[in-house]
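> the amino acid sequence is not available; the structure is as follows:
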DNA sequence: TCAAATACTGCACATTTGTTCAGTTTAGTC
DNA sequence: GACTAAACTGAACAAATGTGCAGTATTTGA
């Protein structure tokens, strides 16, 4: 039936995957239905047949993105929390697994944030909830000094987490390579953890 | 003659200021020349008369923005560095002075960064240079531990600085008010300084 | 094998949008 | 007050773009 179509890369699915890449690259408004149809090797009419409108296609692509993103992020998060492996190894494995789609996912993520759509907000909110949970866990473990601002800390940590996603195109131009290159990404993770724990100066009291 | 026009808010200047606000609110592509002309109470033709094209207008608006932004940022930075006043007072004065234009400036800044245009990159680069200089100054003053990653630190600090600019629309929806509200902005600044200096745990060694 | 449902095509249409340009108004100069 | 240059207008134009739809091909189920 209709659902069966999603298995083989024909028509509907090819449109979604192609549109996903094009939207990520150029933004929703800058991509025409003719571009998408041509890149998918189908006719323009097929878009409206399956999705009703260009906006309908966008919704489908949004869902597709969420699935990809969710998979990549929460997969990594739960893995990092639940395993006793060396974090560096976990990161390695994660990069290895998402090397291909990650740039597109990041690019799409950027667009979503820029557009201030409702679902972009829900994405932000989910991220916020995740970081907030991390903060509460750290707090319960006594890793956060009493005079640290509990309101801003989660936001600041979010900035640090999302920063590379949002600014990677510029990182690339400053450093000559992506912040998601294996070694750079690992270094970033260590630098991030270090900054969170003890800032730039002095060494932390215990542990 | 031509230059004299810039003094009184007629025609050309009104177009630039209006377009600045509209671009910041909706983005370049989503604003039509007719929107701009109508909001400026002039005819469509005048845009091409003065700027040659819609892109010409954008360039003029970019220049206008840079002037505003430069003024606001570097003014605050130099003031904060050179005065012996309480930083809180400096921030207060700064907020007071830019309360009106700041939201528009921030919104335009968001668009510029997320569009990946060349001049958006130069904006990023300028910011990067500024933060890097701060890091070097801190380093020279011995405020940075030897094992801190010198490559990532400037970027991470940038994320913290720019974060509120880029994500303020979402902050607004999470907290119910802008991160640039007087007290929130002050708290953010303190939280930022604290995080940079000593992280979340322990107290710093000296000072 | 037949029929109905669904995938798919591609042209036509209406709307939007940036640009052009011939004409009009305004402001400065001698 | 006449002359000129610049500011300004607004209708017309062409290109681009999303959508509708009548028709064709393909798949599905009995």
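That came through fine. Because the structure is a prediction, the values reported are computed rather than measured. Numbering: from 1, shown residues only, chains lettered A, B, ... in the order given.
> when you work out contacts or count neighbours from here on, use the C-alpha atoms and nothing else.
Will do.
> get me the contact residues on chain A for chain B.
Contact residues, chain A versus chain B (CA under 8 Å from any CA of the partner chain): A:29, A:110-111, A:114, A:116, A:121, A:124-125, A:143-145, A:148-149, A:152-153, A:156, A:159-160, A:163, A:166, A:169-170, A:174, A:187-188, A:191-192, A:194-206.
> low-confidence ranges in chain A?
For chain A, the stretches with pLDDT under 70 are A:1-8, A:75-85, A:87, A:202-207.
> next one: residue A:115 from residue B:34, what distance?
22 Å (CA to CA, to the nearest Å).
> more crowded one of these two?
residue A:115 (17 against 14; other CA atoms under 10 Å in any protein chain shown).
> enumerate the residues of chain A near DNA strand D.
Proximity of chain A to DNA strand D (CA under 7 Å from any atom of the strand) is limited to residues A:1, A:29-34, A:44-46, A:48-49, A:52-55.
> near DNA strand C, from the residues you listed?
Among the residues of chain A next to DNA strand D, DNA strand C is touched by A:1, A:44, A:45, A:46, A:49 when using CA under 7 Å from any atom of the strand.
> quick one, which of the residues you listed are buried?
A:44, A:46 (16 or more other CA atoms under 10 Å in any protein chain shown).
> dihedrals phi and psi, residue A:147?
With angles defined as degrees, to the nearest 10, residue A:147 sits at phi -90, psi 10.
> can you check residue A:55 too?
According to degrees, to the nearest 10, residue A:55 has phi -70, psi -40.
> can you lay out the ones next to DNA strand C among the residues of chain A next to DNA strand D as a markdown table showing secondary structure?
Below are those laid out as a markdown table (DSSP: H, G, I helix; E, B strand; the rest coil):
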| residue | secondary structure |
| --- | --- |
| A:1 | coil |
| A:44 | coil |
| A:45 | helix |
| A:46 | helix |
| A:49 | helix |
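> please report how far residue A:186 lies from DNA strand D.
Separation of residue A:186 from DNA strand D (CA to the nearest atom of the strand, to the nearest Å): 40 Å.
> which strand or helix spans that residue?
Element membership of residue A:186 [criterion: DSSP states H and E] is helix A:182-198.
> and that helix, what other elements does it pack with?
helix A:87-98, helix B:152-175, helix B:182-198 (3 or more CA pairs under 8 Å, 6 or more residues apart in numbering or on different chains; DSSP states H and E).
> which of those sits closest to DNA strand C?
Ranking these by proximity to DNA strand C (CA to the nearest atom of the strand) places helix B:152-175 first, at 24.0 Å.
> my guess is residue A:69 contacts residue A:104. True?
No - judged on CA atoms under 8 Å, residue A:69 makes no contact with residue A:104 at a distance of 10.3 Å.
> one step back: to residue B:132, which of the helices and strands packed on helix A:182-198 lies closest?
Judged by CA to CA, the one of the helices and strands packed on helix A:182-198 that comes nearest to residue B:132 is helix B:152-175, at 5.5 Å.
> contacts for that closest one, please.
Contacts to helix B:152-175, defined as CA atoms under 8 Å, 6 or more residues apart in numbering or on different chains, come from residues A:116, A:121, A:124-125, A:156, A:159-160, A:163, A:187-188, A:191-192, B:106-107, B:109-110, B:127-128, B:131-132, B:135, B:177-179, B:192, B:196.
> ChimeraX command to pick out the buried ones of these?
The ChimeraX command for the buried members of those (criterion: 16+ other CA under 10 Å) is given here:
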select /A:121,124,125,156,159,160,163,187,188,191,192 /B:106,107,109,110,127,128,131,132,135,178,179,192,196
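> which parts of stretch A:167-182 are buried?
For stretch A:167-182, by 16+ other CA under 10 Å, it's A:167, A:168, A:169, A:170, A:171, A:178, A:179, A:180.
> nearest to chain B among the residues you listed?
Closest approach to chain B among these (CA to the nearest CA): residue A:170, at 6.4 Å.
> residue A:89: which of the ones next to DNA strand C among the residues of chain A next to DNA strand D is nearest?
residue A:1 (42.7 Å).
> farthest-apart pair in the buried residues of stretch A:167-182, please.
Taking CA to CA, no two of these sit farther apart than A:170 and A:180, at 12.3 Å.
> quick check: the farthest pair among the residues of chain A next to DNA strand D?
A:1 and A:30 (32.9 Å).
> what about residue A:134, distance to residue B:134?
Residue A:134 is 30 Å from residue B:134, by CA to CA.
> now do residue A:15
For residue A:15 relative to residue B:134 (CA to CA), the value is 48 Å.
> comparing those two, which residue is more hemmed in?
residue A:15 (24 against 14).
> in the strand or helix carrying the more buried one, what's buried?
According to DSSP H and E, residue A:15 maps onto helix A:12-26. Neighbour-count burial for helix A:12-26, with 16+ other CA under 10 Å as criterion, is recorded at A:12-25.
> now do it: distance to the chain's middle.
16 Å (CA atoms, centre = their mean, to the nearest Å).
> does that helix reach DNA strand C?
Yes - Helix A:12-26 reaches DNA strand C (CA under 7 Å from any atom of the strand) through residue A:12.
> which other helices and strands does that helix contact?
helix A:33-40, helix A:45-51, helix A:54-82, helix A:102-115.
> got the contact list for that helix?
A:5-6, A:28, A:31, A:36-37, A:39-40, A:47, A:50, A:57, A:60-61, A:64-65, A:104-105, A:107-109, A:111.
> mind checking which of the residues you listed are buried?
A:28, A:36-37, A:40, A:47, A:57, A:60-61, A:65, A:104-105, A:107-109, A:111.
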